[in-house]
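Fold the following, please.
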Amino acid sequence: MYSDADAAALYDLLNPWDGGKYPSDAFYDDLVMAADSVLDVGCGTGNMLRTARERGHVGRLVGLDPDEAALDRARRRTDVEWVAGVAAEAAWDREFDLATMASNAFQCFVGDDELRSSLAAIQAALRDGGRFVFGTRHPRARAWEDWNPDNASDVVDAAGRALRVSHLVESVVGDVVTFTETTADQDCIVLRVDRTSLRFLDVPALGEFLAGAGFAIEAQYGDWQRGPITGASREIVTIARKVRPQGT
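I've put the predicted structure just below:
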């Protein structure tokens, strides 16, 4: 079997954090380095905050994630606060200048109630005027149509195992896409199957949820180079600012 720890290590191999290579990583790196205190929601294995420390960030850095195996890897860096949990249950009160959700983690908020409670907790964690920055895949680009076995990735993991990672969409219901990720060995023996649902919100829907939680959209881009949102955009990159106390 392919363990949770193996899966976390494989994630890092398939998704290295590199601001010099990936515009999305550079986008977040610049924002994090300019903020005194940062909360990374859905931090995973912690590579964004680790990079910030390596680049000389001296303020408070906190990573939040429910995946214990991912946090075990993150905790190898001991000068960052790593917290196990989900956004909706967070209880920070005006402690951060910046909250982030990188790598499209925002799309994991599938239900309306989960999304509203998560946004409320993130908003409460920010100081007045603090910013919440995240990216989502633009639904018009229909990214899920590329999630099929024909686009499998072949990789050799840290243990020297030759692996194939493939995806298969099970359903598209409204704005929610459910799919599986299958990890197999070189003999096509399945080692692990993970199922995930992601929500693809469009620009108006994102705006409504953010406004309801006490955020104002400061800027929105269609790519990580800060280009405008167009009919061909594959991303919706949002910078939202806390504009009022939650519940008022």
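
how about the strands in the protein?
37-41, 60-65, 81-84, 96-101, 126-137, 153-156, 162-173, 176-185, 190-199, 215-221, 235-242 (DSSP state E).

and Ala91, what does it touch?
Each residue near Ala91 by Cβ atoms under 8 Å, 6 or more residues apart in numbering is listed here: 121, 124. Where C-beta positions appear, they are placed from N, C-alpha and C, glycine not excepted.

Distance check, it against Val83.
11 Å (Cβ to Cβ, to the nearest Å).

For stretch 163-177, give me every contacting residue.
Stretch 163-177 is touched from outside by 10, 14, 110, 139, 144-145, 147-149, 151-157, 178-186, 188, 191, 195, 197-202, 205, with contacts defined as Cβ under 8 Å, 6+ apart.

Setting aside sequence neighbours, what's the nearest residue to the most centrally placed residue in the chain?
Geometric centre of the chain, nearest residue: Ala105, 2.6 Å, by Cα atoms, centre = their mean. Of all residues not flanking Ala105 in the chain, Gly42 sits nearest, at 3.2 Å (Cβ to Cβ, 6 or more residues apart in numbering).

Over to Asp25?
Among residues not flanking Asp25 along the chain, Gly19 sits closest, at 4.4 Å (Cβ to Cβ, 6+ apart).

neighbours around the one you found, how many?
The tally of other residues near Gly19 (other Cβ atoms under 10 Å) stands at 17.

Over to Ala232?
Ala232 sits with 10 neighbouring residues when counted by other Cβ under 10 Å.

Outline the domain layout of this structure.
The chain breaks down by automatic domain parsing into domains covering 4-138+200-242, 140-199.

Count the neighbours of the nearest residue to Arg77 once chain neighbours are set aside for me.
Leaving out its chain neighbours, the residue that sits closest to Arg77 by Cβ to Cβ, 6+ apart is Arg50, at 4.9 Å. Residues within reach of Arg50, counting by other Cβ under 10 Å, total 20.

doesn't Val80 make contact with Arg50?
Yes: using Cβ atoms under 8 Å, Arg50 makes contact with Val80 at a distance of 7.0 Å.

Mind listing the shared neighbours of these two?
Jointly contacting Arg50 and Val80 under the rule Cβ under 8 Å, 6+ apart are Ala74.

Report the buried members of the contacts of stretch 163-177.
Buried members of those, counted by 16 or more other Cβ atoms under 10 Å: 10, 139, 144, 147, 157, 179, 182-184, 191, 198-201.

And the longest helix along the chain, what does it pack against?
For the chain, the helix with the greatest residue count under DSSP state H is helix 112-125. Here helix 112-125 touches strand 37-41, strand 96-101, helix 203-212, going by 3 or more Cβ pairs under 8 Å, 6 or more residues apart in numbering; DSSP states H and E.

just checking, what packs against the second one?
Taking 3+ Cβ pairs under 8 Å, 6+ apart as contact, the helices and strands that strand 96-101 lies on are helix 23-33, strand 37-41, helix 112-125, strand 126-137.

Can you give the contact residues for that strand?
Applying Cβ under 8 Å, 6+ apart, the contact partners of strand 96-101 are 28, 31-32, 35-42, 48, 60, 62, 122, 125-127, 130-135.

Same question for the longest one.
When contacts are taken as Cβ under 8 Å, 6+ apart, the neighbours of helix 203-212 outside the stretch itself are 115-116, 119, 136, 175, 201, 216-217, 220, 229, 236, 238, 240.

coming back round to it: which among the helices and strands packed on helix 112-125 is found nearest to Ala69?
strand 37-41 (17.1 Å; Cβ to Cβ).
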